[in-house]
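> This is the structure alone, sequence omitted:
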DNA sequence: GACGTAACGGAATAAATATTCCATTTTGTC
DNA sequence: GACAAAATGGAATATTTATTCCGTTACGTC
């Protein structure tokens, strides 16, 4: 069976790796299935780990892990790893040059850009699974479900994230309020003791959002925070911190990880708040 | 001077590395300064690169790069690299626990939900690459770049999508206007002949969005549409149709494909619109 | 329960990578 | 411009890491 698994061409992208994992999984022997299981959930580790480390994590001999790589169509671990490293290694020119390059690449086509963002999306989602602790997410979901009203705040880039949460909450009958506008933000007077605040902000952090979180937390109201780095100033006020790091394409980021995280969270709240 | 640079203890975190880079930089010889310059801007590459690669990128001999690591207080490149790899590897101790949780918790649990949405995200992104034609996307990008103002409309679920576009356009100086509120929508009087309209709506389609698209297109203004099925009523008015189908988890959808598509589109427009 | 086939793990080998060493060049000082 | 001190690059070496090979074990079939 080993030889039948051998596929001519190696996957050329993360998406293809995932596809091939699915395609091949059923016919895989026990140990290789172990590899597939762990690897699938920890794809991002490949770039920074040795075979022995990956094999160890899968509880499998190094040689077995190499057979696994080959079953996926790679020549060995090195080839597979270089695919995952390529994304990082793709040396990026500095900020000032970035937009100029973008224009040149524009000649290559908008489709290229879409492919890049798609790839970045896969990467962001992979990292997400490993940076977020289930317990923390669960505690937030419970806190929100118990609250009288969930207040949502996020400006600039974070606004689409909280507005999508607001929509889901609204749809589901979870009491929630989306805050916009500088005026409303500063006071936070409409936020009561039995409420909670969910604040989203990414570096460079929005001052208004930070200030609101500070004010509210000083009144003893639980604050949950979604951001992209531990350095977020809300971290010290927040009861729970969620970190969603987005992969970038020539300096720009889509919001895959954040949107996925908040959607899952909103749906979880809905599951808790109505013990029907 | 070499020996004076040697500092007893190695940096223990990325932040410390940056601090030490700053502290030490002035007294550094030419080649090591080159290393410091590049490395500071590309810290993330260390985790996935070999010494020769980093040295090459700094235009320096590998041995010089190692001296650079030592000047920072590390014993060599290996020690420095392991610090940057730890970032990815840190959460590893509990990987088997987490995996077990994911499997056993089964139907319930917030973590399970996140895993499911992550999975759905991967699938949505893969499907996106197959359904969107590059030419269509390219034509839209050109149309938007040529327009006086890009008008964005989307309600309910689609609102976060267009609002994220609005943010990117704003950041980049592409003239764009985001429409909200039923009142404004119905008339579309602020939309002029040299403008374009980008309308997003998912089944069941928002009446206001559809009506606005109809009105505007009858005045001969180009309408581009983002939706999730060919059955969208705007399809017959639209100059171009983009379809982003989102995978669902127990009836709910995150917006991975849509956000990725519109982010790529917005960045593409930016690349075209200012040939400075 | 014996046979043939596939899978496995560990030891041996091959390849890549980091590190040290040293001859040569550069830099700064008088 | 000569001297000393420091820095540099490349070659030699040491170490780590990937890969192959093969004897042994498990598996399915008759």
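Done, it's in. Every value quoted in this text rests on a predicted model; they were computed, and no experiment measured them. Residues are numbered from 1 along each chain as shown, chains lettered A, B, ... in the order given.
> Please verify my assumption that residue A:35 contacts residue A:68.
Yes. Assessed by Cβ atoms under 8 Å, residue A:35 is found in contact with residue A:68 at 3.9 Å. Where you see a C-beta, it was placed from the backbone N, CA and C, and this is true even at glycine.
> what's the neighbour count on the residue of the stretch 101-250 of chain A found nearest DNA strand C?
Proximity of the stretch 101-250 of chain A to DNA strand C (Cβ to the nearest atom of the strand) peaks at residue A:123, 21.4 Å away. Residue A:123 sits with 23 neighbouring residues when counted by other Cβ atoms under 10 Å in any protein chain shown.
> still on that earlier bit, which neighbours do residue A:35 and residue A:68 have in common?
residue A:60 (Cβ atoms under 8 Å, 6 or more residues apart in numbering or on different chains).
> which stretches of chain A have low pLDDT?
A:1-8, A:87-111, A:130, A:181-188, A:250, A:273-276 (pLDDT under 70).
> got the residues of it near DNA strand C?
Proximity of chain A to DNA strand C (Cβ under 7 Å from any atom of the strand) is limited to residues A:1-2, A:29-32, A:60-64, A:67, A:78.
> most surrounded residue in these?
Neighbour-wise, these (other Cβ under 10 Å) top out at residue A:32, 25 neighbours.
> What sits closest to residue A:162 if chain neighbours are left out?
Distance criterion Cβ to Cβ, 6 or more residues apart in numbering or on different chains; nearest residue to residue A:162, sequence neighbours excluded, is residue A:154 at 3.8 Å.
> since we're on the one you found, how many residues are nearby?
Residue A:154: 26 surrounding residues under other Cβ under 10 Å.
> next one: residue A:262
Considering only other Cβ under 10 Å, residue A:262 is surrounded by 26 other residues.
> residue ranges for the strands of the stretch 151-276 of chain A, please.
Secondary structure of the stretch 151-276 of chain A (DSSP state E, counting those that start in this stretch): strands at A:176-179, A:196-200, A:223-227, A:240-243, A:248-249, A:252-253.
> The second one pairs with which strands?
By that I understand strand A:196-200. strand A:150-154 (parallel), strand A:223-227 (parallel) (DSSP bridges).
> For DNA strand D, what is the nearest residue in chain A?
For chain A, Cβ to the nearest atom of the strand, closest residue to DNA strand D: residue A:76, 2.6 Å.
> how much space between that residue and residue B:245?
36 Å (Cβ to Cβ, to the nearest Å).
> Let me see the ranges of the helices in the stretch 1-150 of chain A.
Using DSSP state H, counting those that start in this stretch, the helices of the stretch 1-150 of chain A run over residues A:2-5, A:14-25, A:30-41, A:51-58, A:62-71, A:77-89, A:95-108, A:110-131, A:134-146.
> can you tell if the last one touches chain B?
Yes. Contact of helix A:134-146 with chain B (Cβ under 8 Å from any Cβ of the partner chain) involves A:134, A:137, A:138, A:141.
> Most neighbours among these, please name it.
Greatest neighbour count in these, by other Cβ under 10 Å, goes to residue A:141: 24 neighbours.
> Now for it: which residues touch it?
Residue A:141 makes contact with A:265, A:268, A:269, A:271, A:272, B:110, according to Cβ under 8 Å, 6+ apart.
> For DNA strand C, state which of the residues you listed is nearest.
Nearest member of the contacts of residue A:141 to DNA strand C, counting by Cβ to the nearest atom of the strand, is residue B:110, at 33.1 Å.
> filter the residues of chain A next to DNA strand C down to the ones close to DNA strand D.
With Cβ under 7 Å from any atom of the strand as the criterion, these include A:30, A:62, A:63, A:78 near DNA strand D.
> Can you tell me how far the second one is from chain B?
Residue A:62 sits 17 Å away from chain B, taking Cβ to the nearest Cβ, to the nearest Å as the criterion.
> doesn't residue A:49 make contact with that residue?
No. Using Cβ under 8 Å, residue A:62 is not in contact with residue A:49; the gap is 11.6 Å.
> ok, so what distance separates the closest residue to DNA strand C within the stretch 51-200 of chain A from residue A:151?
Residue nearest to DNA strand C within the stretch 51-200 of chain A: residue A:63 (3.1 Å; Cβ to the nearest atom of the strand). Here residue A:63 is placed at a distance of 55 Å from residue A:151 (Cβ to Cβ).
> what does residue A:135 give?
On the measure of Cβ to Cβ, residue A:135 and residue A:151 end up 23 Å apart.
> Neighbour count: those two, which is higher?
More neighbours surround residue A:151 than the other of residue A:135 and residue A:151, with 24 against 12 (other Cβ under 10 Å).
> Identify the residue spatially nearest to that one, adjacent ones excluded.
residue A:197 is the one closest to residue A:151 (Cβ to Cβ, 6+ apart), at 4.7 Å.
> got a list of what the one you found touches?
A:151-153, A:188, A:191, A:212-213, A:216-217, A:221-224.
> Please report how far it lies from residue A:272.
Using Cβ to Cβ, residue A:197 is found at 18 Å from residue A:272.
> again with residue A:35
Applying Cβ to Cβ, the value for residue A:35 to residue A:272 is 35 Å.
> These two: who's more crowded?
A side-by-side neighbour count of residue A:35 and residue A:272, using other Cβ under 10 Å, places residue A:35 first with 26 against 16.
> more crowded one of residue A:76 and residue B:245?
Using other Cβ under 10 Å as the criterion, residue A:76 and residue B:245 rank with residue B:245 on top: 18 against 13.
> Could you report the separation of that one from residue A:118?
In this view, residue B:245 and residue A:118 are 14 Å apart by Cβ to Cβ.
> list residues touching both of the two?
Counting by Cβ under 8 Å, 6+ apart, the residues touching both residue B:245 and residue A:118 are residue B:128.
> tally of neighbours for residue A:203?
A count of nearby residues for residue A:203, using other Cβ under 10 Å, gives 11.
> Would you check that it makes contact with residue A:230?
No. Between residue A:203 and residue A:230 there is no contact under Cβ under 8 Å: 10.6 Å.
> Now do stretch A:126-139: distance to the chain's middle.
Relative to its parent chain, stretch A:126-139 has a centroid offset of 9 Å by Cα atoms, centre = their mean, to the nearest Å.
> Give the buried residues for it.
Across stretch A:126-139, burial judged by 16 or more other Cβ atoms under 10 Å in any protein chain shown covers A:126-134, A:136-139.
> Reformat the residues you listed as TSV; add distance to residue B:72.
Formatted as TSV, the buried residues of stretch A:126-139 follow (distance: Cβ to Cβ, whole Å):
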residue	distance to residue B:72
A:126	30
A:127	26
A:128	31
A:129	32
A:130	28
A:131	26
A:132	32
A:133	32
A:134	36
A:136	34
A:137	37
A:138	40
A:139	39
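> which one among these gets closest to residue A:234?
Comparing the buried residues of stretch A:126-139 against residue A:234 with Cβ to Cβ places residue A:136 closest, at 14.6 Å.
> check contacts around the closest one.
Per Cβ under 8 Å, 6+ apart, neighbours of residue A:136: A:240, A:241, A:242.
> now swap in residue A:255 and tell me
A:157, A:160, A:161, A:246, B:164, B:259, B:263.
> what do you get if the cut-off is 7 Å, keeping everything else the same?
Applying Cβ atoms under 7 Å, 6 or more residues apart in numbering or on different chains to residue A:255 gives the contacts A:160, A:161, A:246, B:164, B:259.
> so how far is residue B:162 from it?
Taking Cβ to Cβ as the measure, residue A:255 falls 13 Å from residue B:162.
> Thanks a lot, see you next time.
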